[in-house]
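K.L.:
sequence and predicted model, in that order:
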Amino acid sequence: MQRISTNKLTALLLTTAMPFATTAGAQDASGVIELEEIRVEAADAQTLLGNDEITEDEIEARNPSSTKDVFVGESAITTGGGAAIAQKVYVNGIEESLLSVTIDGARQNKSAFHHTGNVLLDPELLKRVEVSKGLAPADAGAGAVAGSIAYETKDARDLLEAGDTFGGRLRLSTDSNANSQDGSLTIYGINGGF
């Protein structure tokens, strides 16, 4: 087997890379080459990177009554705990208190009691959920070394019919097996663009 010296290998790599370097960016007078921004935004590429989005349509199709139901069918995401207040989300086995969790961009810190979950929200009011499994991007914030969960809720504009400025939702349910009743009331409105 023939060996190539380091100098020859370096010269070969530089000669091969030079035509690509001049076409990839602009070179100024000081010899600095500035490359253009490269963004990977295709859905397949994001999935490959471990970034998933659960859309509003997917959430509505799952008809969730708890956080656990929101993540049904997501193989890397599991939920533990019985009652809604005790449910904890795990991404690749990492509990949510070790992830960067946000609701509408507001950071959710660890819970005060270890038997409760970090997030208690009405899944009917979720617009979408972004999950980054594994290494999260730098803009996910502190604590996102193992990943992140970003919940985005619906605002009044998402819930109101065209032309309406005020509305509400009432949900009632009953369970004959446990002989229990459940309900929620949501009121929303817009005034002066807010």
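P.N.:
Thanks, I have it.

K.L.:
which residue, other than its chain neighbours, is closest to Gly81?
P.N.:
Closest residue to Gly81 apart from its sequence neighbours, by C-beta to C-beta, 6 or more residues apart in numbering: Gln87 at 4.1 Å. Backbone N, C-alpha and C define where each C-beta goes, glycine included.

K.L.:
next, count neighbours for the one you found.
P.N.:
21 (other C-beta atoms under 10 Å).

K.L.:
beta partners of the residue nearest to the spatial centre of the chain?
P.N.:
The chain has Glu130 as the residue nearest its centroid, 1.9 Å off, counting by C-alpha atoms, centre = their mean. On the basis of DSSP bridges, Glu130 is bridged to Glu53, Ala150.

K.L.:
any idea how far it lies from Ser148?
P.N.:
8 Å (C-beta to C-beta, to the nearest Å).

K.L.:
and the strands in the chain?
P.N.:
25-27, 33-35, 51-54, 77-80, 88-91, 94-95, 100-103, 106-107, 126-133, 147-153, 166-175, 180-189 (DSSP state E).

K.L.:
what's the average pLDDT for the fourth one?
P.N.:
Per-region confidence: strand 77-80 scores 88 on mean pLDDT.

K.L.:
work out the gap between it and the centre of the chain.
P.N.:
Distance, stretch centre to chain centre, for strand 77-80: 15 Å (C-alpha atoms, centre = their mean, to the nearest Å).

K.L.:
and it, what's buried?
P.N.:
Within strand 77-80, the residues that qualify as buried are 77, 79, counting by 16 or more other C-beta atoms under 10 Å.

K.L.:
on contacts alone, who are the packing partners of that strand?
P.N.:
strand 88-91 (3 or more C-beta pairs under 8 Å, 6 or more residues apart in numbering; DSSP states H and E).
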